[in-house]
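**Student:** Task: produce atomic coordinates for the following.
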Amino acid sequence: MGRLEGKVAIVSGGARGIGEATARAFVAEGAHVVLGDILTDEGAGLAEELGPAALFQPLDVTDPNSWVVAVEVAQDTFGPLTTLVNNAGTVALHSVADVVLEDYQRVIAVNQIGVLLGMQAAYRVMAARGSGSIVNVSSTAAMSAYPGIISYVASKWAVRGMTKAAALEMAPSGIRVNSVHPGQIQTAMNSGTSTTGIPLGWRGLPEHVAGLMVYLASDESAFTTGTEHVVDGGEAAMMATVAGQARPAG
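**Tutor:** Take a look at the predicted model:
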């Protein structure tokens, strides 16, 4: 029996990258998965490849109704929703000085509001059953910061805080909420980054994050909620060390 036997999950941004790897890992461990994404061709193709345990559902994470439909489809097709992975995300390169408001708001809408809407939609059905696991994908950018991506940093810090608030609010309903903080992972969104500052000396693969997703979706993590899980090759530890060296003595 797989570690996720009997689980029904929605993975937003499930067509590629970390979302794709998560969907593959979930199906391999016995779960049924709805792949939510705006990338129709990639999502539908992946669902077909994964077989009857997977289904593609168009999902605009910034649209509340799109979330309601995705939850309904998941439950009508596979049964009660047990798991939500809020993975969909985007990034834009701009500094505080030159950011255009519309670009800033677009990143916030996907990365932050999308997570909120996903949690709301999942909570409604999970609370009725008295159990569930929600995993919000944040970033190491929420553990420290990076220059030149102000909207992304802001949105991922928000996800970090929202996760903790939601974990406290949803705990009485038996719902666990945790955040995952990937560092430099080899995905389309990270294609231009380097390995500088990664103690292990190489960028991780989406599969390295997916393994953690399986744990957080499984009953093995039944006593884990409101926590942050970093997958970054030691980058956050390096940031903390550098920050500590910069502090004056005394």
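**Student:** May I have the distance across stretch 135-144, first residue to last?
**Tutor:** Stretch 135-144 has an end-to-end distance of 20 Å (C-alpha to C-alpha, to the nearest Å).
**Student:** ok, residues contacting that stretch?
**Tutor:** With contacts defined as C-beta atoms under 8 Å, 6 or more residues apart in numbering, stretch 135-144 is touched by 18, 83-87, 89, 115, 119, 149, 152-153, 156-157, 159-160, 162-163, 177-183, 213, 216-217, 228, 230, 232, 235-236, 239-240, 243. Where C-beta positions appear, they are placed from N, C-alpha and C, glycine not excepted.
**Student:** if you set the cut-off to 7 Å instead, what comes out?
**Tutor:** The contact list for stretch 135-144 (C-beta atoms under 7 Å, 6 or more residues apart in numbering) reads 18, 85-87, 89, 115, 152-153, 156-157, 159-160, 163, 177-183, 213, 216-217, 230, 232, 235-236, 239.
**Student:** Spell out the residue ranges of the strands in this structure.
**Tutor:** 8-12, 32-37, 54-58, 83-86, 132-137, 175-182, 228-231 (DSSP state E).
**Student:** Turn those into CSV, including mean neighbour count, distance to Thr22 and mean pLDDT.
**Tutor:** Output for the strands of the chain, formatted as CSV (neighbours: other C-beta atoms under 10 Å; distance: least, C-beta to C-beta, whole Å; pLDDT from 0 to 100):
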stretch, mean neighbour count, distance to Thr22, mean pLDDT
strand 8-12, 28, 5, 99
strand 32-37, 28, 8, 98
strand 54-58, 21, 12, 98
strand 83-86, 29, 6, 98
strand 132-137, 25, 9, 98
strand 175-182, 25, 10, 98
strand 228-231, 18, 12, 96
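**Student:** Compute the distance between the residue positioned nearest the centre of the chain and Ala127, please.
**Tutor:** Centroid check for the chain by C-alpha atoms, centre = their mean gives Val137 as the closest residue, at 2.5 Å. With distances taken as C-beta to C-beta, to the nearest Å, Val137 is found 22 Å from Ala127.
**Student:** hang on, the earlier thing: bridging residues for the residue nearest to the centre of the chain?
**Tutor:** Val180 (DSSP bridges).
**Student:** Go through the helix ranked longest in the chain and flag the buried ones.
**Tutor:** Longest helix in the chain, counting residues (DSSP state H): helix 150-170. For helix 150-170, burial by neighbour count (16 or more other C-beta atoms under 10 Å) applies to 150-160, 162-164, 166-167, 170.
**Student:** got it, and stretch 60-70?
**Tutor:** By 16+ other C-beta under 10 Å, the buried positions in stretch 60-70 come out as 60-62, 66-67, 69-70.
**Student:** which outside residues touch it?
**Tutor:** 10, 12, 34, 36, 38, 57, 59, 88, 109-110, 113-114, 117-118, 121.
**Student:** Restricting to C-alpha, output it in PDB.
**Tutor:** Output in PDB follows, covering the C-alpha atoms of stretch 60-70 (Å, rounded to 0.1, in the frame of the first residue of the first chain):
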ATOM      1  CA  ASP A  60      -7.000  30.200 -12.600                       C
ATOM      2  CA  VAL A  61      -5.900  30.600  -9.000                       C
ATOM      3  CA  THR A  62      -6.900  34.300  -8.900                       C
ATOM      4  CA  ASP A  63     -10.500  33.400  -9.600                       C
ATOM      5  CA  PRO A  64     -12.600  32.200  -6.600                       C
ATOM      6  CA  ASN A  65     -15.100  30.400  -8.800                       C
ATOM      7  CA  SER A  66     -12.400  28.600 -10.600                       C
ATOM      8  CA  TRP A  67     -11.300  27.200  -7.200                       C
ATOM      9  CA  VAL A  68     -14.900  26.200  -6.400                       C
ATOM     10  CA  VAL A  69     -15.200  24.300  -9.600                       C
ATOM     11  CA  ALA A  70     -11.900  22.500  -9.100                       C
END
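**Student:** Can you give me the pLDDT of Ala249?
**Tutor:** Looking at Ala249, its pLDDT stands at 41.
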